[in-house]
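Peer 1: sequence below, structure please.
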Amino acid sequence: MPELPDVEFFKEYFKDNSLHKKIINIECEDKTLIKNVDFRDFKKSLIRKSFRDAWRIGKFLIAEIKGISENLIIHFGMTGSLHYVKQGEERKRRDRFTRLCFRFANGYELRWINIRRLGKIYLTKPQNIKLIEEMGPEPLQLSQQEFLRLLTNHELKNIKAFLMDQRNIAGIGNVYSDEILFQARINPHRKIEDLTQRQKKILFQKIYQVLTEATKILTFYRAFPKSWLEPHRHTNDLICPRNKNHKLKRETIAGRSAIFCPLCQT
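Peer 2: Numbers count the residues shown, from 1 in each chain. Sure thing, here's the model as predicted:
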């Protein structure tokens, strides 16, 4: 599922390509993915309008629309992405799963791709969406003191489950919780109450480092360091990037398929 760095990348992509362009048509392949308004009203509200700005809240992309008070709000689900292309360009590979398409007066279009149909589109204010209203603070805006206080309030919780719960911290999901814990050398099975104060402070540092670096990588380089879990999580050998003699382990933790090194992470 796209997480904070991915949605931050989508936000910049959206701002670079889709702002200040008049919308002349909207096509929707699956109207059930539009959650709070009928598609006819959705289309009527946006035709001849343009997007003025965009920002991110957790895993949601929020777009300001010129001329109306509501926002376009996109949740990408497990397999969501955006693709800005010339109108009529053949849909290849992922583009075949375009669920919503904004056509602009300049001859280009923005395709919202959602392979598994788990994403959602809203036309409303962010505060009207329960998932956003209940969301915890942005991790990159947290001070160390605030983070330690959050941990203290959830001491009986599993650390991986804590990191993935959007009500605790916004934007971290399965992939980056694995990466953060790997870089912090903390086993994802650990309970918060069992972590030392030093481990908690290291965890705070690694949250900031991993999310900041991942955002830069996605925006500029598109290739993760070999010292990270990410390049290794889908390989068959599951060799630990920290020690080639260690084997990574895959287990279901907090309902998700976690990957970690049982020897490096204690």
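Peer 1: whichever strand or helix holds Ala54 - contacts with which helices or strands?
Peer 2: Ala54 is part of strand 51-57 when elements are defined by DSSP states H and E. Other helices and strands packing on strand 51-57, by 3 or more Cβ pairs under 8 Å, 6 or more residues apart in numbering; DSSP states H and E, are helix 4-18, strand 60-65. (Glycine included, C-beta is placed from N, CA and C.)
Peer 1: phi first, then psi, for the residue nearest to Glu138 when sequence neighbours are not counted.
Peer 2: In space, and not counting its chain neighbours, Glu138 is closest to Ala170: 5.4 Å by Cβ to Cβ, 6 or more residues apart in numbering. Dihedral pair for Ala170: phi -90, psi 140, per degrees, to the nearest 10.
Peer 1: going along the chain, name the strands of the stretch 51-200 of the chain.
Peer 2: According to DSSP state E, counting those that start in this stretch, the stretch 51-200 of the chain carries its strands in the segments 51-57, 60-65, 71-75, 80-86, 98-104, 108-114, 120-124.
Peer 1: buried sites along the fourth one?
Peer 2: Residues of strand 80-86 classed as buried by neighbour count (16 or more other Cβ atoms under 10 Å): Gly80, Ser81, Leu82, His83, Tyr84, Val85.
Peer 1: now do that strand against strand 108-114, angle only.
Peer 2: Interaxial angle, strand 80-86 versus strand 108-114 (axes from the mean of the first three to the mean of the last three Cα atoms, to 10 degrees): 160 degrees.
Peer 1: the inter-axis angle of strand 80-86 versus strand 71-75?
Peer 2: If you take the same axes, to 10 degrees, strand 80-86 sits at 120 degrees to strand 71-75.
Peer 1: contacting residues around strand 80-86?
Peer 2: 2, 10, 13-14, 17-18, 74, 94-95, 98, 107-114, 118-119 (Cβ atoms under 8 Å, 6 or more residues apart in numbering).
Peer 1: and that strand with helix 4-18, angle?
Peer 2: 20 degrees.
Peer 1: wait, a strand at Cys264?
Peer 2: No. Going by DSSP: H, G, I helix; E, B strand; the rest coil, the assignment for Cys264 is coil, not a strand.
Peer 1: what's the separation between it and Arg233?
Peer 2: Distance, Cys264 to Arg233, by Cβ to Cβ, to the nearest Å: 15 Å.
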